[in-house]
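K.L.:
Next input, structure requested:
(2 chains)
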Amino acid sequence: MSVDSPSADGNDPDGHNTDEPAVREALQRVTDPELDRSIVELEYIDSIELDGPSVTVRFTLPTAWCSPAFAWMMAIDARDAVESLPGVETARIVLREHMHEDEINRGVNERLSFSAAFPDADGDVEAVRAELDEKARVARQYDAVEALLEAGLEPATIVSLRPRDLESVPGQPDESAADAYAIYAADRSFAVTVPAEPIDRLLEKARETGVVIDPDDVLCRTPEREPIDVASFDLVHKRGRLARVNMSSQGGICDGLRESRERRLERPADD
Amino acid sequence: MYDHNGEDVFVIDAHVHLWDAREENITHQGGEEFIQCFYDYHTTFTPEEREWGIEEYRHYGADRMLEDLFAGAAADMAIFQPTYLTDFYDEGFNTTHQNAELATEYPERFVLNGSFDPRDGEAGMDHLEELHETYDIQGVKLYTAEWRGESKGWRLDDEEAFEFLEKCVELGIENVHPHKGPTIRPLNRDAFDVKDVDDAASSFPDLNFIVEHVGLPRLDDFCWIAAQEPNVYGGLAVAAPFAQNRPRKFSEILSELLWWLGEDRLLFGSDYAIWNPDWLVEAVMEAELTQEDRMEYGVEWDLETKRKVMGENAAELYDIDLEAKRRTFQDDEISQQFDLEDHYASGTPAAAD
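P.N.:
Next up is the predicted model:
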């Protein structure tokens, strides 16, 4: 992976500063919707170029025929994430080596809707996104519940957990973000400390999918978005594991396809 | 028969093709994209020294197929799963008629499946009856994402699809194999959505639904449906080659499948010629579940489970008597051609257990 930064920091006339690490940080939040992993971690990003208030991001997916709907979501999300940075006026997104790169690049950069960019596509890209978001929520819940069990909480406490029950335990005095949460047992007889990261990841998806709207909403849900009956706690947790395994299996297919493409691209150079 | 530490395991490869993707047979850009996509899957999960060139991959022919399947006794029998794709390929990509070239010449070695497409209406119904009459098919492979004119796919729970499933019941075609797997460029992924199997399976309890590719990348939806519908099975094609270069992932996927479906509802398939049983059977037979997964899931990939998944479960669905087959194979044409008479004569039959 190469990173080109012809202009080291894009100082705009208004005095805002954006640099390549800030853009990368913004892109960190963009996920491959099928794998629920950051496109930065997945090494999809080829280059980031800054030119004053304009940023160009080039990216490549594991195969030329990755779902156009998924490619579209990543391109839109990348555009919006970069444009949310202070000092950035326009983000140009360039998807490379894809069967539909022309439609996607034109659609995203001209700000068309998916159906305008793909007139003959059937189905609604937002419905696909919503379904994948639910799966990401279920898989993240598996990780969160594993952490909660590990910390010693009982299923009865876990199924009734609400955002308001999470008490931040800051790791560093000068940092506002929590490194851990203190959670009390149902009878408040004791509290346990749970790493914040898996809980925060679940909270993020629970809010995105709308199962948690206010601090009194129950955090853990069935895949069908219902609160969990404690008698079915184990089964719901196993469904979470299954969602996690499904995602990582698909990740295995994507990794494999990308490696194989890279091998193939390397071969002519060996001749 | 696979020699597993001195025990013979009868192998039925439940998912094979005899396809033709030669350029002269391709009539639509989708046909070229389709075979290139298959080829990407081939290279991704094939040991490098066993990779084919794209030209032999387009068209390998009947002789090559016999050799790959049977010369080293990688498989003892195979089930043809047709893929018509007549909008992309002039003569079709892998039709029942094309598969019949081998299946009718070596009926003791092959099971020949048919197919239907509810969008074909009356003509489709006639075609299904004709396939049944001509070849006495006991199963159908269904490709819900197939393009047909303006349509980019269909669903198993469509009213028209139910009429065809009723016809299957009437004709005694008991095994329905919907392809529910990865996106194959340029087909629409949503048409591989696995949820339509649920309604069809509960509406037709006398039919068996063998979901090919275990729904990947929707393994979660598939397992959840299969856990509730006892007539839903999983075909391991696509999951199987993880055994070769993603052993930990294979262990996880197989553990999930064994936990949700149990050992009686999984069928091995190579997806030949995407992958070749001449190395894949060994990779799967020698695969091990990780200690961590065995503890976590409480399942085993032991000899008894392997026997079922590699052959007995398919034999059950297709009424194949494995002991009788073994005796037949002591001097059938294939065994003569590849000098396998001793292979099937040796070893101890089940009576020794």
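
K.L.:
What residues does residue B:19 make contact with?
P.N.:
When the contact criterion is C-beta atoms under 8 Å, 6 or more residues apart in numbering or on different chains, the partners of residue B:19 are B:59, B:83, B:93, B:94, B:98, B:273. C-betas here are computed from N, CA, C, even on glycine.

K.L.:
Tell me the predicted confidence for it.
P.N.:
Predicted confidence (pLDDT) for residue B:19: 98.

K.L.:
Touching stretch A:188-200 from outside, list them.
P.N.:
By C-beta under 8 Å, 6+ apart, the list of residues contacting stretch A:188-200 reads A:140, A:143-144, A:146-148, A:151-153, A:166-169, A:177-185.

K.L.:
next one: it to chain centre, how far?
P.N.:
On the basis of C-alpha atoms, centre = their mean, to the nearest Å, stretch A:188-200 sits 23 Å off its chain's mean C-alpha point.

K.L.:
Return the longest helix in chain A, judged by number of residues.
P.N.:
Longest among the helix segments of chain A by residue count, using DSSP state H, is helix A:233-270.

K.L.:
burial of residue B:50, as a residue count?
P.N.:
Neighbour count of residue B:50, defined by other C-beta atoms under 10 Å in any protein chain shown: 13.

K.L.:
Residue B:133 now?
P.N.:
Around residue B:133 there are 10 residues (other C-beta under 10 Å).

K.L.:
Where does it sit, in terms of helix or strand?
P.N.:
Using DSSP states H and E, residue B:133 falls within helix B:121-135.

K.L.:
Average pLDDT for that helix, rounded please.
P.N.:
For helix B:121-135, the mean confidence score works out to 97.

K.L.:
Any part of the longest helix of chain A near chain B?
P.N.:
Yes - using C-beta under 8 Å from any C-beta of the partner chain, helix A:233-270 reaches chain B at A:238-239, A:241-243, A:245-246, A:248-250, A:252-253, A:256-257, A:259-261, A:263-264.

K.L.:
Buried only: go through the residues you listed for me.
P.N.:
A:238-239, A:241-243, A:245-246, A:248-250, A:252-253, A:256-257, A:260-261 (16 or more other C-beta atoms under 10 Å in any protein chain shown).

K.L.:
Just the CA coordinates for stretch A:18-33, please, in PDB.
P.N.:
Taking Å, rounded to 0.1, in the frame of the first residue of the first chain, the C-alpha atoms of stretch A:18-33 are listed here in PDB:
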ATOM      1  CA  THR A  18      -6.400  18.700   7.500                       C
ATOM      2  CA  ASP A  19      -3.600  16.300   7.000                       C
ATOM      3  CA  GLU A  20      -3.300  12.800   5.700                       C
ATOM      4  CA  PRO A  21      -3.500  11.200   9.200                       C
ATOM      5  CA  ALA A  22      -6.700  13.000   9.900                       C
ATOM      6  CA  VAL A  23      -8.200  11.700   6.600                       C
ATOM      7  CA  ARG A  24      -7.100   8.200   7.400                       C
ATOM      8  CA  GLU A  25      -8.600   8.500  10.900                       C
ATOM      9  CA  ALA A  26     -11.900   9.600   9.400                       C
ATOM     10  CA  LEU A  27     -11.800   6.700   7.000                       C
ATOM     11  CA  GLN A  28     -11.100   4.400   9.900                       C
ATOM     12  CA  ARG A  29     -14.800   4.600  10.700                       C
ATOM     13  CA  VAL A  30     -15.900   3.400   7.200                       C
ATOM     14  CA  THR A  31     -16.600  -0.300   7.200                       C
ATOM     15  CA  ASP A  32     -16.900  -3.000   4.600                       C
ATOM     16  CA  PRO A  33     -20.600  -3.600   5.300                       C
END
